[in-house]
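*Asks:* Please work out how this folds:
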Amino acid sequence: MDLGAPRFDQPAIHHELEALDRAGVRPLREHRTPERILAWIDEEFGGTASLEAASGGIWIAEDDAGPVAFVAYDTRGPRYHWLETWSHEAGVGIFGPGGVARRARGRDLGAVLTRAALFSLRERGYRRALIPAVPSVLGPYFKHVAGAAVAETVDAGRGGRRWRTTVLASGHGGNFQAVLDGARAAELPLEIAALVANRPAAFALERAATAGVPAALVTWNRRDESRDAYDARVLEAVARTEPELLLLLGWMHVLPPQFVARFPEALNLHPAFLPLDPDLDVVTMPDGTPLPAYRGAHAFDEALAAGLGWSGASVHRLGAAVDRGDLFARAPLRISAGEDRVALEGRLHDLERQVVATAVRHWSYLQA
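*Replies:* Below is the predicted model:
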């Protein structure tokens with residue numbers, strides 16, 4: 001998009017924003033996205049938009065009930081493979097992501113915030129704006145509201161490229177089954193090569209046998225074997241599967257730094273809503289509530305015991321520090337007062353499957 005077009009002149013943009021305000025929708029610009037807005041984006045839209053919106057400026061629209069729309073701009077977060085040729089283009093600013101809440105669609109909020117964000121890019125000195133990875137169905141929309149034209153057509157899926165993946169699991173294996181199903185339906189870019197389990201009773205082993213996936217059981221008798229020796233056996237078992245990606249889906253054993261160094265492409269599912277900054281120990285929820293960043297094996301129980309009405313799920317890169325790797329996807333989960341634990345766990349497991357699928361796609365888009 002050419003940012004010199006008259007539709008991005010300051011008087012035109014201010015006129016549109018003032019009209020929104022008169023209609024009871026307050027437009028607000030932030031040079032850095034507030035934490036509660038990032039959490040709201042995760043709850044309302046899913047996907048990975050919050051990871052991108054965290055790194056740039058943002059326009060937000062709110063009414064008396066809360067946020068209803070956002071558009072980020074000049075984002076400097078994840079650099080997907082389709083941005084490689086554009087990363088060195090002088091004078092080109094990145095537009096998006098953005099979204100309008102379901103309850104506010106049909107009110108032209110997205111178009112107004114789109115033009116406001118493009119005006120903000122022009123203010124920062126950019127001459128052109130790039131909207132990356134727009135589905136073809138949205139091309140006419142951006143042409144209409146912003147005069148956009150297609151700059152390049154890309155294959156986000158790289159022609160059906162599939163990554164050789166080993167799953168580590170300790171329990172029932174519901175997420176393992178979901179990943180298996182997604183891979184076989186070509187919904188996830190994975191080839192599930194193996195399962196490694198550390199508990200004989202793990203039902204994930206039966207799921208692997210049914211699916212014809214090779215499985216290794218690596219158990220630990222703490223009385224007869226040191227932790228270092230056991231960790232070495234786990235590393236060896238995983239190495240034999242020759243993975244390009246590891247997925248830890250309910251794996252209940254902390255792995256040592258040498259394992260992390262040997263397998264840098266490893267993603268861990270954690271049953272909590274973690275902060276985007278792995279160094280923080282507090283996370284802000286969509287309603288503005290600050291919560292501890294629940295880490296460790298008892299995160300879900302600790303969230304319930306706190307009684308603050310929130311839990312969630314996150315997928316992060318495996319690191320030497322427990323549950324502190326860079327995030328690839330996350331989603332909050334509202335807890336209703338008096339909600340049955342079994343029903344709540346069912347909702348959490350559904351959310352986990354969505355977050356895992358999002359994280360896998362996100363990881364694949366970042367590969368060179």
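
*Asks:* thinking residue 284 is in contact with residue 35, fair?
*Replies:* Yes. Proximity of residue 284 to residue 35 meets the contact threshold set by CB atoms under 8 Å, at 3.7 Å. Just so you know, the C-beta spots here come from the backbone N, C-alpha and C atoms, and that holds for glycine as well.

*Asks:* any residues in contact with both of those two?
*Replies:* residue 275 (CB atoms under 8 Å, 6 or more residues apart in numbering).

*Asks:* Specify the local secondary structure of the residue nearest the centre of the chain.
*Replies:* For the chain, the residue nearest the mean C-alpha position is residue 329 (2.1 Å; CA atoms, centre = their mean). When classified by DSSP: H, G, I helix; E, B strand; the rest coil, residue 329 comes out as strand.

*Asks:* swap in residue 287?
*Replies:* Applying three-state DSSP: residue 287 is coil.

*Asks:* who are the neighbours in contact with the nearest residue to it once chain neighbours are set aside?
*Replies:* Distance criterion CB to CB, 6 or more residues apart in numbering; nearest residue to residue 287, sequence neighbours excluded, is residue 36 at 7.3 Å. Each residue near residue 36 by CB under 8 Å, 6+ apart is listed here: 284-288.

*Asks:* Contacts for stretch 210-229, please.
*Replies:* Contacts with stretch 210-229, where a contact means CB under 8 Å, 6+ apart, come from 180, 192-200, 205, 208-209, 230, 233-234, 237, 240-241, 253, 256.

*Asks:* Touching, residue 75 and residue 51? I think so.
*Replies:* No. Applying CB under 8 Å, one finds residue 75 not in contact with residue 51, separated by 9.3 Å.

*Asks:* At which residues are the strands of the stretch 151-300 of the chain located?
*Replies:* In the stretch 151-300 of the chain, the strands defined using DSSP state E, counting those that start in this stretch lie at 163-169, 190-197, 215-217, 245-248, 266-270, 282-284, 290-292.

*Asks:* before we move on, back to that, tabulate the contacts of residue 36 (TSV), appending pLDDT.
*Replies:* Formatted as TSV, those follow (pLDDT from 0 to 100):
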residue	pLDDT
284	96
285	96
286	96
287	94
288	94
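
*Asks:* List only buried entries from those.
*Replies:* 284-286 (16 or more other CB atoms under 10 Å).

*Asks:* Distance to residue 186 added to these, as a markdown table?
*Replies:* Below are the buried ones among the contacts of residue 36 laid out as a markdown table (distance: CB to CB, whole Å):
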| residue | distance to residue 186 |
| --- | --- |
| 284 | 37 |
| 285 | 35 |
| 286 | 33 |
